[in-house]
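S.K.: Please work out how this folds:
(one chain, ligands or ions: 1)
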Amino acid sequence: MKNPTSIKKKADQYNDPSHNYLRYWDGRDYENAAEQIAISRLLKGKRFKHAADIGGGYGRLCVFLKEFADKVTLAEPSRQQLDIGKEFLKDEADIDMVLTQADDLKFKAGELDLITMIRVMHHLPDPAPEFRELARVLSKDGYLILEVANYAHGRNRVKHFLKGQRLPTDPVDIRSEKNKREEEIPFVNHNPKTVQKQLAHAGLKVEKSLSVSNLRSPALKKLLPRSAMLAAERVMQPALAKTYFGPSVFFLIKKAS
Ligand SMILES: C[S@@+](CC[C@H](N)C(=O)[O-])C[C@H]1O[C@@H](n2cnc3c(N)ncnc32)[C@H](O)[C@@H]1O
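M.R.: So this is what the prediction gives:
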């Protein structure tokens, strides 16, 4: 491993016993289902040999990924997340767990034909080293699904428009002042157009995109039944993809050549 101190730093928050990421998902069934809808749509009709969920936390999506791949590996830099994962995935002995970070992956070149990296980009203000590693371990015909925490979402567009401002192209730090003072790990939102350029620089090409979690709002969740939210979400994901409307953008990515 190249740099154990940077691994500690990046996984710090997820190693803190007071930060229970499993509990974070309480009350977020809509978002969880919206992400699974997006992945199913992007992978429709495809089957893989070896999938890895990079920065997969405690393995929230690993069982679901078994629908698409013969073998699934949870790849995660936080020891605590993997420990929670042992309990969460206790009936899934065929899912491997690897302690590894996205800029220094413990996989051979071309070893993976499906990679997912969901909800990790908000910790990566400069994802260039991670994109290079993802390109290295992805097989020639393999696919990467990358979730991007999206700064260019509908509400921000309106806000910037009303202020007569252009949307920033660089990542925007969205930590509270307190979290910045306490040096919490980075928490940024990206401009999806910039991310596409960064991917291209690493030899990766976006084939499809979806706008995801379009109705993420506590008020709407109280108002509408989940089935209605998800029915609307299904329609909105492809319809709003080009405008990057939702807070989350899912890219389906291949190697450029
Ligand atoms: C918000 S959680 C998302 C977990 C999982 N992907 C999910 O969607 O449920 C972010 C995860 O990214 C991991 N992480 C942070 N920096 C990382 C890096 N440089 N490489 C890989 N994973 C990282 C954290 O340890 C944490 O488990």
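S.K.: going forward, measure contacts and count neighbours with C-alpha atoms only.
M.R.: Noted.
S.K.: interface residues of the stretch 1-150 of the chain facing the ligand?
M.R.: 10-11, 14, 54-57, 60, 76-78, 101-102, 118-120, 123 (C-alpha under 6 Å from any ligand atom).
S.K.: Tell me where the chain is predicted with low confidence.
M.R.: For the chain, the stretches with pLDDT under 70 are 1-11, 181-183.
S.K.: list the contacts for Glu31?
M.R.: Ser213, Arg216 (C-alpha atoms under 8 Å, 6 or more residues apart in numbering).
S.K.: Quick check: buried residues in whichever strand or helix holds it?
M.R.: If you go by DSSP states H and E, Glu31 is part of helix 29-43. Counting neighbours by 16 or more other C-alpha atoms under 10 Å, one finds that the buried residues in helix 29-43 are Tyr30, Glu31, Ala34, Glu35, Ile37, Ala38, Ile39, Ser40, Leu42.
S.K.: following it, which helix or strand comes up?
M.R.: Counting by DSSP H and E, the element after helix 29-43 in chain order, helix or strand, is strand 48-54.
S.K.: Tell me the buried residues in that following strand?
M.R.: By neighbour count with 16+ other C-alpha under 10 Å, strand 48-54 contains the buried residues Phe48, His50, Ala51, Ala52, Asp53, Ile54.
S.K.: Give me the contacts around the next helix or strand after it.
M.R.: With elements assigned by DSSP H and E, the helix or strand that comes after strand 48-54 is helix 62-65. Residues from elsewhere that reach helix 62-65 (C-alpha under 8 Å, 6+ apart): Gln36, Ala51, Asp53, Gly56, Val72, Thr73, Leu74, Leu89, Glu92, Ile95.
S.K.: and if we set it to 10 Å?
M.R.: 36, 39-40, 48, 51-53, 56, 59, 71-74, 85, 89, 91-92, 95-96, 114, 116 (C-alpha atoms under 10 Å, 6 or more residues apart in numbering).
S.K.: Please give me every residue in contact with the most centrally placed residue in the chain.
M.R.: By C-alpha atoms, centre = their mean, the mean C-alpha position of the chain lies nearest to Ile118, the distance being 1.5 Å. For Ile118, the contact set (C-alpha under 10 Å, 6+ apart) comprises 35, 53-57, 61, 145-149, 248-250.
S.K.: now do 6 Å
M.R.: The contact partners of Ile118, by C-alpha atoms under 6 Å, 6 or more residues apart in numbering, come to Glu147.
S.K.: Any figure for the gap between it and Ala93?
M.R.: 23 Å (C-alpha to C-alpha, to the nearest Å).
S.K.: Likewise for Ser211?
M.R.: Counting by C-alpha to C-alpha, the separation of Ser211 from Ala93 is 33 Å.
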